[in-house]
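Novice: Let me see the structure of the following:
(one chain, ligands or ions: 1)
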Amino acid sequence: MILVVDFGGQYNQLIARRIRDLNVYCEVVPYSKALEAVEEKKPSGIVFTGGPASVYEEGAPTIDKAIFEENIPVLGLCYGMQLMSSLLGGDVQASSEREFGKTMLDHTEHAIFNNVPTTSKVWMSHVDKVVKVPEGFSTIASTKNTEHAAIADDARKLYAFQYHPEVNHSEYGIQMLKNFVVDVCGEDQSWTMANYKETLLHDIKDKVGDGKVLLALSGGVDSSVAAALLSQAVGENLTCILVDHGLMRKNEAQEVEDAFKDSGMHFIRVDAEARFLERLQGVTDPEDKRKAIGEEFIRVFEDEGKKIGSVDYLAQGTIYPDIIESGLGDAAVIKSHHNVGGLPDVVDFKDIVEPLRMLFKDEVRALGRELGLKDYLVNRQPFPGPGLGIRVIGEVTKDKLDILRDADAIFREEIANAGLDQDINQYFAVLTNNRTVGVMGDFRTYDYTLALRAVKTSDFMTADWSRIPYDVLDTVSTRIVNEVDHINRIVYDITSKPPATIEWE
Ligand code: XMP
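Specialist: Have a look, this model is predicted:
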């Protein structure tokens, strides 16, 4: 395996992701635990990530120099390069110009650049740079502004790049990572999701033992995969609670119950629609709604938890993008994600189990398939924790929710009929709070405008709107206006993310 040592940079999980995509197992550890992890896991290689600090500042994250004595190849990236250099006797200084964005890299002949053209585009994002390389190192690549853009000490197998090979803008970045992981570290690219499943099952059993675990199951891909994983790991020591908040899509709660009720775990479905609708009365601001739904969810969950008595662990299906978007650490809060942060005060629990926190959505799906989950659960598009509560704009009422549920079901059905469901990553209807005048059968109507949203994305952090064929849109529009009362106008959302987000609220 490869160990990624995290110094707080934005792209740390992406590095891990790229390495796993090369079929090499990889884990991320905080820098403070790196030496321990090296002893325990005996990685074949180590990657130091970037980070926002400056190595010469007091209190900057650092690491024991002993890590370089382990005879394990190390690749330092950005801050990781600067740290490696300063620990080994080089010199790092702030440069007068911040270098940010795409730049051309020229390299000399070196194994780490196998199959990389002599000149290629890389992505830079730094103020500090190495001005004197440590003894034993030589400079193997440069850019216009950065003389020591890549350095190497082949005898000790230490390498470092000032740029970020993990981001898409670095044209041959993945090739460079591959050269490190495969050629230098000797990994054989045989790791698969099936192995990862075994590792996760082992880790969960190790952590949880005979303890009792409680999980909130929403029926979305993430919590379903977490439920399947935990139920394989701990069997009947797992209790799953499905809080039916009345904000689910058409027939959804029933489908989830059908999928899990015979799986060996304890499954509890709570009908909490009335509580949620009452809590949402008069709430119109998107963040207030999210908070109200999140809080009510926790209250219901607590009430149920108390009935069960004490549990040892609380499990959550948090995945990696939830963590970054909710602004843990220094990133800005865009939307308060429902499943991160606010934790229920369930009687007592020792710890939280979040087995999917290292994974991106498509990796979660691959894991779900490994666990034998049914296709319709695994391929289900993402559904936000606050559910339709954030797709009914303005005040949420039962009537509006029912209108939206019917319209949304038609949209989803027609996308599937057109064979587009695997092509578009997320598609749904939004009930706007806007009413307009229409004419139906010689009568005037004054009803809601429904918006359709469909996006293509791989990571849900950026997204492009889908070019759905006009004919399909036409069928959807005709059917919805004919079959669903109180909708007389349909619009299609043609904004990408950014500047819009995928959900409307
Ligand atoms: P946005 O609207 O932020 O959404 O572009 C990105 C992805 O996240 C989903 N989403 C959520 N998922 N809890 C979740 O589990 C939430 O509170 C939440 N809010 C948005 C959204 O559907 C999209 O896939």
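Novice: most remote residue from this structure's center?
Specialist: Within the chain, Asp442 marks the point farthest from the mean C-alpha position, 50.1 Å out by Cα atoms, centre = their mean.
Novice: is it true that Asp421 touches Glu413?
Specialist: No: using Cβ atoms under 8 Å, Asp421 is not in contact with Glu413, being 9.8 Å away. C-beta: built from backbone N, CA, C; applies to glycine.
Novice: Assign Leu401 to helix, strand or coil.
Specialist: At Leu401 the chain is in helix, as set by DSSP: H, G, I helix; E, B strand; the rest coil.
Novice: From the ligand, how far off is the residue lying closest to it once chain neighbours are set aside?
Specialist: In space, and not counting its chain neighbours, Leu401 is closest to Leu388: 5.6 Å by Cβ to Cβ, 6 or more residues apart in numbering. Between Leu388 and the ligand the computed distance is 11 Å (Cβ to the nearest ligand atom, to the nearest Å).
Novice: can I assume Leu388 sits in a helix?
Specialist: Yes: per three-state DSSP, Leu388 lies within a helix segment.
Novice: Show the secondary-structure elements that the top helix by length along the chain is packed against.
Specialist: The longest helix of the chain (DSSP state H) is helix 286-308. Contacting helix 286-308 under the criterion 3 or more Cβ pairs under 8 Å, 6 or more residues apart in numbering; DSSP states H and E are the following elements: strand 213-216, strand 238-244, strand 266-271, helix 273-280.
Novice: Flag every buried residue along it.
Specialist: Using 16 or more other Cβ atoms under 10 Å as the burial criterion, the residues of helix 286-308 that qualify are 286, 289-294, 296-298, 300-301, 304-305.
Novice: Which of the residues you listed sits closest to the ligand?
Specialist: Arg290 (6.4 Å; Cβ to the nearest ligand atom).
Novice: Which SSE is immediately downstream of the lowest-mean-pLDDT helix or strand in the chain?
Specialist: When each helix and strand of the chain is scored by mean pLDDT, DSSP states H and E, helix 320-325 comes last, with a mean of 64. Reading on from helix 320-325 to the C-terminus, the next helix or strand found by DSSP states H and E is strand 351-353.
Novice: tell me the SS of Ile67?
Specialist: Assignment for Ile67 (three-state DSSP): helix.
Novice: Could I get the pLDDT score of it?
Specialist: Looking at Ile67, its pLDDT is 96.
Novice: now swap in Gly59 and tell me
Specialist: pLDDT, Gly59: 92.
Novice: ditto for Ala94
Specialist: Predicted confidence (pLDDT) for Ala94: 92.
Novice: Secondary structure class of it, three-state.
Specialist: Going by three-state DSSP: Ala94 is strand.
Novice: That one touches Ser54, doesn't it?
Specialist: Yes: under the criterion of Cβ under 8 Å, Ala94 makes contact with Ser54 at 7.0 Å.
Novice: between these two, what contacts are shared?
Specialist: Listed contacts common to Ala94 and Ser54 are Val127, Asp128; contacts here mean Cβ atoms under 8 Å, 6 or more residues apart in numbering.
Novice: quick one, which of those two is more surrounded?
Specialist: Neighbour tally, Ala94 and Ser54, criterion other Cβ atoms under 10 Å: the higher count belongs to Ser54, 17 against 12.
Novice: The more buried one: which element?
Specialist: Secondary structure assigned from DSSP H and E places Ser54 in neither a helix nor a strand.
Novice: Name the nearest residue to it, ignoring sequence neighbours.
Specialist: Closest to Ser54 by Cβ to Cβ, 6+ apart is Asp128, at 5.4 Å.
Novice: Sheet-wise, list the partners of the helix or strand where that neighbour lies with their directions.
Specialist: Asp128 belongs to strand 119-132 when assigned by DSSP H and E. Its sheet considered, strand 119-132 pairs with strand 91-107 (antiparallel) by DSSP bridges.
Novice: Need the residues that contact the strand it pairs with.
Specialist: Here strand 91-107 has contacts from 54-56, 82, 85-86, 113, 116, 118-132, 140-146, 149-150, 163, 169, using Cβ under 8 Å, 6+ apart.
Novice: Domain-wise, how is this structure divided?
Specialist: What automatic domain parsing lists as the domains of the chain is 2-184, 193-378, 391-492.
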